[in-house]
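A.B. asks: Here is the input, now give the coordinates:
(2 chains)
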Amino acid sequence: MKLYNTLSRRAEEFHPGGDTVLLYVCGLTPYDEPHAGHAMSAVVFDVLRRYLEFRGLSVRHVQNFTDIDDRIIQRANRAGVDTGTLVGQYVESYLRDLRTLNVLPAHHYPRVTEEVPAIVEMIQGLLERGYAYGVDGDVYYRVTRKPDYGRLSHRALESMVAGARVDSDERKEHPGDFALWKAAKPGEPAWPSPWGPGRPGWHIECSAMALRYLGATLDIHGGGADLIFPHHENEIAQSEAYTGKPFARWWVHNGWMLLNGEKMSKSLGNTVGMREAIERYGADAFRLFVLTSHYRSPLNFTDEALRSMRRGVQRLASAANAELPGRGEPFDSEPFRRRFIEAMDDDLGTPGAVAVLFELAHAVHRGRDAGQDVRAAQATLRELASVLGLALAAEAEEEAAADAVPFIELLLEVRQELRALRQFTVADKIRGRLSELGIAVEDTPEGSRWRPVRE
RNA sequence: GGCGACGUGGCCAAGUGGUUAAGGCGGGGGACUGCAAAUCCCCUAUCAGCGGUUCGAAUCCGCUCGUCGCCUCCA
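C.D. replies: Numbers count the residues shown, from 1 in each chain, chains lettered A, B, ... in the order given. As a prediction, the model looks like this:
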C-alpha cells in the first residue's frame, strides 16, 4: 500500500522493516477530559492498524500518556489533588471512551512517570555525546549540533528564530534549544537525576519510550498534524543523536478537527467532549464521520454532518443484518472487496472505501429484490466494515433500555392484533407514540420490527 | 514575516490530465404498504474567479478573491 510520509511529502510504497510493523502514536496529556479531536486521531490510527492487519501484517502498537507537565500540575493544584489522581481519572475516561469507540487497545500505554530512569539514561547519553548541556539543573538539547534539524517540518533553523514570538531564555545557547530535563520548582513533583531533582521535558519521553518498547527505528510514527513541529522534529533530533539510527521510516499525521470552522482545541475553548460526541451520535456514526473524509484533511465537526452519518450507519446496518433466505443465485461480492482494497491501498483512502461499503449495501438490497442469495455479500459487508472498525451491530436489544424490551414487544403484539382487525387508527397511534419515544416500528411481510432511533 | 493546506451539487465529501464528476445526507417523483417506515426505480453539479499550457483540465502553471492551519501548550 502507499502511505503518505510527512518526511518526503509524498505517498510512498509501505513495507515494514521487519516482520512486525512497529507503530508508535503520540497520545495525549491527560489534564482534562478528552475531546472529539482526540477521538478522531484514535480512529485514524486504529483504522491504519486494522487495515495493516487485514493485509496480513502483524502490528505492535504503542501509545504514550504524557502524565506530567505544567498543565497537569496546575490543574491538580487547583483541584487540590495530586497529579496522579488527576491523571488517573482522565486516562481512565479516555480508555473507556476508546472501548466505546471500538478502538483496538494498543499493546502498551507507557507513561512518562513510569519511565523516568530510561529517560534519564537517554539524557545522560546525549550529554556525553555533546548534544545537550546543563544549566542550573535544567538540561537542554543543542539544536545546532545536527545539521538536519528541521527536515520533518521542512523549515530552516534561521527562519524559526526569525519568526519566534516567544521570549528566548537567555540561558539557552540557541533560541531553538529545548528542555530535556526541567529542574523542579518548589512544591512540584520531582524525580532524582544526576542534575538534581526535576522532571522530563516534553519531547524526550516519546523518544525514550519508543526506543524501549519498539526499538531504535520505528516503521510508523503517528500523531496529529500539530505535533510535526516542534514535538516530532525534536523527537527525531534526540533519538537520532542518541542511537545514530533513523528514528522513524514513516511519519503519518492526521489533520485537525475543526468545530464550526475553527480549530478545535482546549486553548481556544471550543471543544466537544469525546464522550459527548459518542453518546450523542453513536460510535459508528462518529467513526463514519471521521472516515468519510481523508485522514490528512481537516475535519469540521457539525451537528448536521454527524446526524447524516447516523442515518448512513442505519443504512449499512440494515443491509448487513437483514435476515434473508439463502435461495437463488449467489451474488458475487468479490469486486467490492477488490475496490475496497484498492481504495485503502491508496494512502488509506477511507472515503473511497466507505463508498464501496454503501454500494455493497445497495447491492445486497438489490440482489435480495432480484431473488439472489446475498448472504455471502452480507458477510463481506460486515467483514469490510469491521476493517474500518464499524460494528454495525443489530442495535435493537443492545441499546434500548433492557427493561423496556418486553413492554415494547407486548405493545407490538397488541398492535398486530389490531391491524389484523383493521383497527388502523389505534394501531397507528401506537406506532406514532413509540416513534416519539425513540422506537421506530417497521411493518414487513414477515411481521413488525422495531429499532431504537437516537435523537 | 516564513512554511503549508484548502475552496467540487442544498449540506458533507471523493476524484488531481481524457470515464456518464464516487459515495453519504437532504429534496422531488414513482413502486411497495391499509397508511407509514425500511427498501427498490428515476431525477437533483461542470468543479471560487480570471488568464495561460495542452488535441483535451475540476485535475498542470500564474494572478485575484476567500477560508483554515503550523511557526508557542495542543490529537
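A.B. asks: so, in contact with RNA strand B or not, the helix or strand encompassing A:R199?
C.D. replies: A:R199 belongs to strand A:198-200 when elements are defined using DSSP states H and E. No - judged by CB under 7 Å from any atom of the strand, strand A:198-200 makes no contact with RNA strand B; its nearest approach is 11.9 Å. Using the backbone N, CA and C atoms, a C-beta is placed for each residue, glycine as well.
A.B. asks: Can you list the neighbours in contact with that strand?
C.D. replies: A:68, A:112, A:116, A:119, A:123, A:137-138, A:180-184, A:188-191, A:208 (CB atoms under 8 Å, 6 or more residues apart in numbering).
A.B. asks: Moving C-terminal from that strand, which element do we reach first?
C.D. replies: Moving toward the C-terminus from strand A:198-200, the next helix or strand (DSSP H and E) is helix A:204-214.
A.B. asks: Beta-bridge partners for the closest residue in space to A:D177 that isn't next to it in sequence, please?
C.D. replies: Nearest residue to A:D177, sequence neighbours excluded (CB to CB, 6 or more residues apart in numbering): A:Y140, at 4.4 Å. Bridge pairing for A:Y140 (DSSP bridges) gives the partners A:Y133, A:A179.
A.B. asks: distance of A:Y140 from RNA strand B?
C.D. replies: Noted for A:Y140: a distance of 13 Å to RNA strand B, by CB to the nearest atom of the strand, to the nearest Å.
A.B. asks: That residue and A:L180 touch, don't they?
C.D. replies: Yes - if you go by CB atoms under 8 Å, A:Y140 and A:L180 touch, sitting 6.5 Å apart.
A.B. asks: Could you pull out the residues contacting both of these two?
C.D. replies: With CB under 8 Å, 6+ apart as the test, A:Y140 and A:L180 both reach A:A132.
A.B. asks: Tell me which of the two has more neighbours.
C.D. replies: A:L180 (30 against 24; other CB atoms under 10 Å).
A.B. asks: The more buried one is in contact with A:W202, isn't it?
C.D. replies: No - in this structure A:L180 lies outside contact range of A:W202 using CB under 8 Å: 9.6 Å.
A.B. asks: list the buried ones in stretch A:301-310?
C.D. replies: Residues of stretch A:301-310 classed as buried: A:F301, A:L306, A:R307, A:M309, A:R310 (neighbour count, 16 or more other CB atoms under 10 Å).
A.B. asks: pLDDT wise, what is A:A394 at?
C.D. replies: Looking at A:A394, its pLDDT is 68.
A.B. asks: again but with A:A164, I slipped
C.D. replies: On the pLDDT scale, A:A164 gets 48.
A.B. asks: what does A:L268 give?
C.D. replies: 78.
A.B. asks: Might you report the residue contacts of A:V25?
C.D. replies: For A:V25, the contact set (CB under 8 Å, 6+ apart) comprises A:S41, A:F45, A:H61, A:V62, A:Q63, A:A106, A:H221, A:G222, A:G223.
A.B. asks: where does chain A have low pLDDT?
C.D. replies: A:160-168, A:394-401, A:455 (pLDDT under 70).
A.B. asks: Could you chop it up by domain?
C.D. replies: Listed domain ranges for chain A are A:2-254, A:274-393, A:396-452 (source: automatic domain parsing).
A.B. asks: Turn these into JSON lines, columns for distance to A:S267.
C.D. replies: Output for those, formatted as JSON lines (distance: least, CB to CB, whole Å):
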{"stretch": "domain A:2-254", "distance to A:S267": "10"}
{"stretch": "domain A:274-393", "distance to A:S267": "17"}
{"stretch": "domain A:396-452", "distance to A:S267": "35"}
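A.B. asks: can you tell me which residues contact A:T144?
C.D. replies: A:L157, A:E173, A:H174, A:G176.
A.B. asks: Tell me, how many residues neighbour the nearest residue to the last one once chain neighbours are set aside?
C.D. replies: The spatially closest residue to A:G176, leaving aside those adjacent along the chain, is A:V143, at 4.3 Å (CB to CB, 6+ apart). Here the number of neighbours of A:V143 (other CB under 10 Å) works out to 22.
A.B. asks: check contacts around A:V143.
C.D. replies: Residues near A:V143 by CB under 8 Å, 6+ apart: A:Y149, A:L157, A:H174, A:G176, A:D177, A:F178, A:A237.
A.B. asks: Next one: the nearest residue to A:L268 once chain neighbours are set aside from RNA strand B, what distance?
C.D. replies: Of all residues not flanking A:L268 in the chain, A:E262 sits nearest, at 6.7 Å (CB to CB, 6+ apart). A:E262 is 5 Å from RNA strand B, where distance means CB to the nearest atom of the strand.
A.B. asks: Backbone dihedrals for A:E262, both of them.
C.D. replies: Here is the backbone geometry of A:E262 (degrees, to the nearest 10): phi -120, psi 150.
A.B. asks: Report the beta-bridge partners for it.
C.D. replies: A:L259.
A.B. asks: A:L388 touches A:R287, doesn't it?
C.D. replies: Yes - the criterion here is CB under 8 Å, and A:L388 meets it with A:R287 at 6.8 Å.
A.B. asks: Tell me which stretches of the stretch 201-350 of chain A form strands.
C.D. replies: A:218-224, A:248-254, A:257-259, A:262-263, A:299-301 (DSSP state E, counting those that start in this stretch).
A.B. asks: got these as TSV, with distance to A:L57 columns?
C.D. replies: As requested, those are exported to TSV (distance: least, CB to CB, whole Å):
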stretch	distance to A:L57
strand A:218-224	9
strand A:248-254	13
strand A:257-259	28
strand A:262-263	33
strand A:299-301	27
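A.B. asks: follow-up on the earlier one: could you report the distance from the residue nearest to A:G176 to RNA strand B?
C.D. replies: Counting by CB to the nearest atom of the strand - A:V143 and RNA strand B are separated by 11 Å.
A.B. asks: got it, and A:P147?
C.D. replies: The gap separating A:P147 from RNA strand B is 18 Å, by CB to the nearest atom of the strand.
A.B. asks: so that residue is in which element?
C.D. replies: Using DSSP H and E, A:P147 sits within no helix or strand.
A.B. asks: Kindly report the same for A:L22.
C.D. replies: A:L22 belongs to strand A:20-25, assigned by DSSP H and E.
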